[in-house]
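Enquirer: Predicted model and sequence follow; I will ask about them next.
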Number of protein chains: 2
Amino acid sequence: MAYDPGAFEPFAVTVDLVVLTIRDDDLCVLTVERGEEPYAGRRALPGGFVLPHEDLETAALRELAEETGLTAADVHLEQLRTYGAPARDPRMRVVSVAHLALAPDLPTPRAGTDAVAASWVPVSSVESLAFDHDEVLRDGLERARAKLEYSPLATAFCPPEFTIGELRRVYEVVWGVTLDPRNFHRKATATPGFLAATGERTNRQGGRPAELFRRGATTALLPPLTRPAP
Amino acid sequence: MAYDPGAFEPFAVTVDLVVLTIRDDDLCVLTVERGEEPYAGRRALPGGFVLPHEDLETAALRELAEETGLTAADVHLEQLRTYGAPARDPRMRVVSVAHLALAPDLPTPRAGTDAVAASWVPVSSVESLAFDHDEVLRDGLERARAKLEYSPLATAFCPPEFTIGELRRVYEVVWGVTLDPRNFHRKATATPGFLAATGERTNRQGGRPAELFRRGATTALLPPLTRPAP
DNA sequence: GCAAAAGTGTTGCCCATACACCCATGC
DNA sequence: GCATGGGTGTATGGGCAACACTTTTGC
């Protein structure tokens, strides 16, 4: 019965990454081009095998660093879901623990070592990824959209200091909606722990200089920022 | 790099189950007693190895049937999270895909084949489960509590036909709160797709006979049933 | 009648929306 | 001045908590 040693089948375990960022007011996902069969030439989500003594999250961070140069301090990373259909990889039995990462737009394109063909693709124009990665991406997007409502996750798309307008654009791009700037401002600043004022101002957006904020200490938004119906 | 065949370490992959039910107005979790080392004599969540050609969800359903006799039609089952710390099992590298199952109270105790020491334990009096199962249980409870708000999941704790009062008691027990019966009734019946009237009545609760409902067709509660603050 | 549970009506408050309006900058 | 984005004030409407009240059973 359970955990009878010796009676188990070996599996390969990988981590796959749904890395999202916002570039030019577009929600983008990191993809790599596959060089070998199966799915040679097709785009896929970045990922790789978990090493023998490595935690799952550590493996995800290592892959993320290899592909983007980003480290744990730069991104939000969380486990998404595990995919283990028997035939999802035609070569062998592979169970993949997918992770979701949210990153601010990178000024430097990429610092990766072996990220030969990695590139950001707007999620609206992604199609036919390798393996079951279309489904993984769908699940990741759904998770990200839902979590913006009740967690301060949107700040993960922003640089360390940001304006309310920049934060609002994150919500608008991820949700694909337009929000009232006045009401959004009131709501965001009124939610306790969401934002921490810096006292600084910037006029990088043009118009009247805006206050700069850092992310606050809370991990949950009470009350939540609700998504408009349709 | 990613998916280089031959360069992977074999892992054991298991499924673990957080099976919740409500017995005597108490939220209970299914546990088994371990017969062998490690953690011999300690209680643990039920689980076991994924078979070579088996889907993860299929494996979870098989384990669930072995322990409880419950089948897919009887329960709500969803993937919870995957646990893969290198030393979580001292014998070998094991990655466990935990699942959350919600079941109505079972009139028949258990129909399992090898469920020697399986038993329901109130979650308030669970302590020191084997492996990392305390953490798994905590995550499962948190998921269940959160999902009652925005999904019709509470009906999974009820028999096929139930009254509003029975449904309300599910919320009260899982959340550990008391709810206003009048407002709950209004809210539950007003949420589109949540409940389907049967036209039948029952007086099994005593007092004025209550209408019987079945679960409705929706998978999301709009608007959600919000949990009271503290 | 009395207790218990189901269900309805009503009221007042809070909060979200919509939008008028003012502020501070670049050009 | 004018355009652009930042930020505040305020009215209106819908939802929800609180609770009075009625209904229908068992004893």
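Expert: Received the coordinates, thanks.
Enquirer: Could you pick out the longest strand of chain A?
Expert: strand A:10-23 (DSSP state E).
Enquirer: strands paired with it, and their directions?
Expert: strand A:26-33 (antiparallel), strand A:47-49 (antiparallel), strand A:94-102 (parallel), strand B:10-23 (antiparallel) (DSSP bridges).
Enquirer: could I get those as JSON lines with mean pLDDT and distance to B:Ser125?
Expert: From N, CA and C alone the C-beta is placed, and that goes for glycine too. Formatted as JSON lines, the strands paired with strand A:10-23 follow (pLDDT from 0 to 100; distance: least, CB to CB, whole Å):
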{"stretch": "strand A:26-33", "mean pLDDT": "95", "distance to B:Ser125": "45"}
{"stretch": "strand A:47-49", "mean pLDDT": "95", "distance to B:Ser125": "41"}
{"stretch": "strand A:94-102", "mean pLDDT": "98", "distance to B:Ser125": "32"}
{"stretch": "strand B:10-23", "mean pLDDT": "96", "distance to B:Ser125": "13"}
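Enquirer: closest to DNA strand D out of these?
Expert: Closest to DNA strand D of the strands paired with strand A:10-23 is strand A:26-33 (CB to the nearest atom of the strand; 16.6 Å).
Enquirer: distance between the next helix or strand after that closest one and the chain's centre?
Expert: Proceeding N to C from strand A:26-33, the next assigned helix or strand is strand A:43-44, under DSSP states H and E. Centroid separation for strand A:43-44 versus its chain: 16 Å, with CA atoms, centre = their mean, to the nearest Å.
Enquirer: Neighbouring strands - and their directions - for strand A:43-44?
Expert: In the sheet, strand A:43-44 lines up against strand A:26-33 (antiparallel) (DSSP bridges).
Enquirer: ok so, going back, got the buried residues for the longest strand of chain A?
Expert: By 16 or more other CB atoms under 10 Å in any protein chain shown, the buried positions in strand A:10-23 come out as A:10-22.
Enquirer: residues touching A:Glu78, list them.
Expert: A:Glu78 is in contact with A:99-100, counting by CB atoms under 8 Å, 6 or more residues apart in numbering or on different chains.
Enquirer: quick one: it from B:Lys147, how far?
Expert: 17 Å (CB to CB, to the nearest Å).
Enquirer: what does A:Cys158 give?
Expert: From A:Cys158 to B:Lys147 the distance is 29 Å (CB to CB).
Enquirer: Tell me which residues are up against stretch A:85-92.
Expert: A:12, A:38, A:93-94, A:96, A:131-132, B:3, B:5, B:52-56.
Enquirer: go with 10 Å
Expert: Contacts of stretch A:85-92 with the rest of the structure, by CB atoms under 10 Å, 6 or more residues apart in numbering or on different chains, involve A:10-12, A:14, A:37-39, A:83, A:93-96, A:130-133, A:135, B:3, B:5-6, B:8, B:50-58.
Enquirer: Remind me which helix or strand A:Thr189 belongs to.
Expert: Counting by DSSP H and E, A:Thr189 is part of helix A:181-190.
Enquirer: in that helix, what counts as buried?
Expert: In helix A:181-190, counting by 16+ other CB under 10 Å, buried: A:184-185, A:187-188.
Enquirer: Residues in contact with it: which ones?
Expert: Outside helix A:181-190, the residues that touch it by CB under 10 Å, 6+ apart are A:152, A:154, A:163-165, A:167-169, A:171-172, A:179-180, A:194-195, A:197, A:210-211, A:213, A:221, A:223-226.
Enquirer: let's go with 6 Å and repeat that
Expert: A:164, A:168 (CB atoms under 6 Å, 6 or more residues apart in numbering or on different chains).
Enquirer: Distance from it to the middle of the chain?
Expert: On the basis of CA atoms, centre = their mean, helix A:181-190 sits 24 Å off its chain's mean C-alpha point.
Enquirer: and that helix, what's its mean pLDDT?
Expert: What helix A:181-190 shows for mean pLDDT is 97.
Enquirer: Please apply the same query to stretch A:106-118.
Expert: pLDDT averaged over stretch A:106-118 gives 58.
Enquirer: State which helix of chain A is the longest.
Expert: When chain A is parsed with DSSP state H, its longest helix is helix A:133-150.
Enquirer: helices and strands around the helix or strand just after it, which ones?
Expert: Downstream of helix A:133-150, the first helix or strand assigned by DSSP H and E is helix A:164-175. With contacts taken as 3 or more CB pairs under 6 Å, 6 or more residues apart in numbering or on different chains; DSSP states H and E, helix A:164-175 sits against helix A:181-190.
Enquirer: May I have the helix it packs on as PDB, with CA atoms only?
Expert: Provided in PDB are the C-alpha atoms of helix A:181-190 (Å, rounded to 0.1, in the frame of the first residue of the first chain):
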ATOM      1  CA  PRO A 181      -8.300  56.700 -12.600                       C
ATOM      2  CA  ARG A 182     -10.000  58.700  -9.800                       C
ATOM      3  CA  ASN A 183     -11.800  55.800  -8.200                       C
ATOM      4  CA  PHE A 184      -8.700  53.600  -8.600                       C
ATOM      5  CA  HIS A 185      -6.500  56.100  -6.900                       C
ATOM      6  CA  ARG A 186      -8.900  56.400  -4.000                       C
ATOM      7  CA  LYS A 187      -9.300  52.600  -3.600                       C
ATOM      8  CA  ALA A 188      -5.600  51.800  -3.900                       C
ATOM      9  CA  THR A 189      -4.500  54.400  -1.400                       C
ATOM     10  CA  ALA A 190      -7.300  53.500   1.000                       C
END
